[in-house]
Structure formats: C-alpha cells, structure tokens
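Enquirer: Have a look; sequence and predicted model below, questions after that.
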Amino acid sequence: MHIPDGIVPVQVCAAGYAVTGLITWYSLRQISKQGNPAPQIPKASLLTAAFFVGSAIAIPIPPTTVHLILNGLLGVVLGYFAFPAILIGLFLQSLMLGHGGLITLGLNAAMMGIPALLSYHIFQLRHRLGRNATTPFGIGAFAFLGGFVGLALAALIFLGLVITTIPANFNVDAERTAVFTLMLAHIPLAILEGGFTAMLAVFLQRVKPELLTGK
Amino acid sequence: MALASFETYIGGRSHLHSWTPRLKLVSLGLLMFAFAAVKHLQLVIPMLGITAILYGLSGLPLSFLRRRLRYPGLFILAVVLVLPFGSGETILAQLGPFALRQEGLMMMVLVVSRFLSILTLGFVLLGTTPFLTLLRALRSLGLPTVLADMTLLTYRYLFETADMLSTMQKSMHLRGFGHRKRWLRLEGKTLLQLSGLLGTLLIRSYERSERIYKAMQLRGYGQLKQAQLVAKQPADSTSLLLTGLSAFVATGFVIAEITLSLSIR
C-alpha cells in the first residue's frame, strides 16, 4: 500500500509533504510537552527498527502469505512517536527496498501516520473503562479497534487518492469494479490487523506493561 | 528480509561525488519535483536525457542502476500495465477481449518515464552520498534533532534487529512451527504465536534501548548544543555551478509544462 513516484500529480505530492510537515511538527510538540525527549529517543528508535523488521513477518494463509502494515500497532505502542517512526520507516524503506518513493514520502507518511495517531487515541479511550482498562478484554478490545481503524483508514485514504488521481479517461466501469474489489479485499485484512494488534497488546500487557503508552 | 543491500553509496571522484551534500540534496530534489510535474509527452525525451547525463556524470556503474531498479520496476509495471487496456477511446489493436488504447499507452509511457527519471535521480543522490553525510545534510537544512537522532539510531540497529528476528524465526521452525499447513485457512494459534514473536522482538529491543541510553548518557549524549553539532561545509565553485544549472533546468521544465498546458487550451 505504498504510492510509488511518478504516478500521482506533483501538487498532491507537495500537499502530502505539507500535511506531513504539519503533523510532524504537532507530534514533536506533543513529545516535548511530555518532558525531556532524550530518554525516549533510543526507545522509539529501536522500536521503530523492530516494527520495520517485524512488518516483514509473513502471516501464512496457505497457499499464500500476507504482510501486516502495523501502523495501528505503532500508534498503540509508540503514541506520538508513531508519526516520526512511520516517516523514518518509510524513508528507509524507499532507500533500501525501493518501496514508495522520495517524492511521495510525505503522501505515504500522511496516509499511514494519521491513522496511527488515531489508533493511539482510540487505545487511550480504554482508560474510560476505569478498573477494566487493564483487563485482557479492555486492552484487547481497544487494541483491536486501534489496529482495525489504522489499516482501514489508511486503505480508505489510499483508495481516495487512487480515485481522485486516476486518469480522467479511464474506463469508469473498470475503475468502479477495481475500487470496489480493493475495498472488499481490505476488510478481512483490517480484521486480521486488528486481531494481531489485540493479541500483541494483551501479550505486552502481561509481559512488559510499561511498553504500552499511558500504561 | 533482504537488508544487506542497504548501503547504496559507491565511492568515486566525480563532480557529483564532491558536490556539497546539502546543495546536491536541494538541487536533485528540485529536479525530482520538476520531473514529477511533467504531463506532456514532448518533455519525456529531455527528461530522460537529463537523467542519463546526470547518471553518466556520477560515474556510477549501470549494474548498480539495474540492480536497484529491478524490484520497484516490477512493481510499477504491475501497476501501469492495465492503463493501455483500460484508459482512452482510440483503439490501436484488438487482442482478443482486450483493446489496446492509444491514450492509455501514452499515459503508461509518461508514468514509466517519470518513475524511471525520479528513481534514477534518487539513486544518483544515494550512490554518490554516504548515508551519514546525507543525514548531516538534512540536519543542516533544518531537520529536527529528534528526527535526525531517531533516523540514525534506527539505521544503526536495523540490521541487528533483523538478525535477531531471523534467529528467533529459525528457533521457532526448529521447534516445529509452520510444519503443518492447512490450505486457505489461518489458524488462531499461528497468529497468537506470531504475535508473541513480534512482542518478544519489541521487548528485547526495548530492554536493549535502556542499556543503549545509559551508554549514550555516559558518552555525553544531550550535553552539546545543536549549533556545535551542525557545522556547514562551505560550497565550492563547481557545486555552485551544478546547483545553478539544476535550478535552471528544473525551472525550465516547469515553465515548459505550463506553456504546453496553456497552448493546448
């Protein structure tokens, strides 16, 4: 779900950079409000590396495998560090694997990062459960929502961009069918992403609860 | 995970290698954006020509470009191959149920050319600038400290984290994970085990980061003022000339694009 260079109009790429710049500034401001960010930097960096590497874990659905995006999970675990982490991850991915591109970096970061921040806020809503906030059900349910919304929203933004930037003279029926098929294909993937995020959050709560933002 | 090919820098003595990094970053960035704005086929040949000249000037071997383009090239082909058959009205040839359309074919040529040019310029930048120098250039252009430090640390520990994951996966397989396959079925137990795998990787990384921070603190991390860290390298005349030429070419492309758009209306 990366937008490569050369496909979308340059104005959209520039707008992507503008949005990413704004959200990065906002995220860094929120991070500095939480106190000295220095102790958090190595933590966020190593977790970024782990997420980057972890996104290569293949989930077997024989005869094929799928890879998770993990943007919702990034939001759940890293909080406001999720946006810079996604920006860095995508930058390294475009250099290393040729995924995405340098011109579309802003666009891809906004597409993955905004849902990640939303997932973080959804996961924080669990505190409203009071005592139940730290039960496996409370953690799992909100982490599922975070993971599900993270991927579903990213897919919606992706499809929105595809629809608005597709060539004007493209066959309308073919376009509608392709977009509809893509939307349907992302529903089970979002459920899978949500389920995986829930399982992982419950695991972390059991083994290393301080890893979950807001405890 | 194929991370071994990350270091893209290839040493050399070309003018592009000695181009002041921050000026090179800005100039090639401008050119990439100008190329992304190309919408008319008339500009495709000059765009590819300038890309080829810059690649030639960089002295990078063709095998480097071929190797780097292989994966993203296949991806873009998969994306644009549908265009000649789904976009446009002028039918050039009928291949069974598929009609090859002129407008779609032109669009495909445009997209692939833009993609090749932008990507090649990206490789010129990475091939002639070591990653750490590139990061320093970004820092001197105003990249926030938090982002610069995070990028550097992520880069530093990426390979070791990949090795750690690979070892953990080998251990899982040796203990019997993944030996039984049920077609078109995802087992909850498998998902649970994989979530445990990623969870363990996160915990190990987290614990390691605490040790790293202590070591960094002992070496004075966070004590220096940022102004002391970002010393700007002065630009030589060749760098200034290359930057001026790049800005001129990028502006030329934008003006040509606007002129062509207005003349068609």
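Expert: Cool, got the structure.
Enquirer: can you give me the strands in chain A?
Expert: Listed in chain order, the strands of chain A (DSSP state E) span A:58-61, A:64-67.
Enquirer: wait, which of these is closest to chain B?
Expert: Taking CB to the nearest CB, strand A:58-61 is the member of the strands of chain A nearest to chain B, at 4.8 Å. All C-beta spots, glycine's among them, are computed from the backbone N, C-alpha and C.
Enquirer: ok, that closest one: who's next to it in the sheet?
Expert: strand A:64-67 (antiparallel) (DSSP bridges).
Enquirer: Contacts for the strand it pairs with, please.
Expert: Under the criterion CB atoms under 8 Å, 6 or more residues apart in numbering or on different chains, residues A:55-59, A:189, A:192 lie in contact with strand A:64-67.
Enquirer: returning to what we had before: please identify the most buried of the strands of chain A.
Expert: strand A:58-61 (a mean of 17; mean count of other CB atoms under 10 Å in any protein chain shown).
Enquirer: I'd like the strands of chain A laid out as JSON lines, including mean pLDDT.
Expert: Formatted as JSON lines, the strands of chain A follow (pLDDT from 0 to 100):
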{"stretch": "strand A:58-61", "mean pLDDT": "80"}
{"stretch": "strand A:64-67", "mean pLDDT": "79"}
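Enquirer: Tabulate those (a markdown table), appending distance to B:Tyr9.
Expert: Below are those laid out as a markdown table (distance: least, CB to CB, whole Å):
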| stretch | distance to B:Tyr9 |
| --- | --- |
| strand A:58-61 | 30 |
| strand A:64-67 | 28 |
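Enquirer: which intervals of chain B have sub-threshold pLDDT?
Expert: Filtered on pLDDT under 70, chain B yields the residue ranges B:1-7, B:181-185, B:224-233, B:264-265.
Enquirer: Spell out which residues make up each domain of it.
Expert: Domains of chain B are assigned by automatic domain parsing as B:15-129+B:234-264, B:143-176+B:188-224.
Enquirer: wait, what's in contact with the nearest residue to B:Gly222 once chain neighbours are set aside?
Expert: Nearest residue to B:Gly222, sequence neighbours excluded (CB to CB, 6 or more residues apart in numbering or on different chains): A:Ala38, at 4.4 Å. Going by CB under 8 Å, 6+ apart, A:Ala38 touches B:213, B:221-222.
Enquirer: Let me see the ranges of the helices in chain A.
Expert: A:10-33, A:40-54, A:71-78, A:82-96, A:105-124, A:136-165, A:172-207 (DSSP state H).
Enquirer: now, of these, which is deepest in the fold?
Expert: Mean neighbour counts for the helices of chain A (mean count of other CB under 10 Å) peak at helix A:71-78, with a mean of 32.
Enquirer: got the phi/psi numbers for the residue nearest to B:Gly222?
Expert: Dihedral pair for A:Ala38: phi -50, psi -50, per degrees, to the nearest 10.
Enquirer: Give me the pLDDT for it.
Expert: pLDDT for A:Ala38: 83.
Enquirer: measure it to A:Ala44 for me?
Expert: 11 Å (CB to CB, to the nearest Å).
Enquirer: Find me the pLDDT at the residue most central in space within chain A, would you?
Expert: In chain A, the centroid-proximal residue (CA atoms, centre = their mean) is A:Asn71; its distance is 2.1 Å. What the model reports as pLDDT for A:Asn71 is 90.
Enquirer: so what's the residue lying farthest from the centre of chain B up against?
Expert: When distances to the mean C-alpha position of chain B are computed (CA atoms, centre = their mean), the maximum falls on B:Gly96, with 38.5 Å. Contacts for B:Gly96 (CB under 8 Å, 6+ apart) come out as none.
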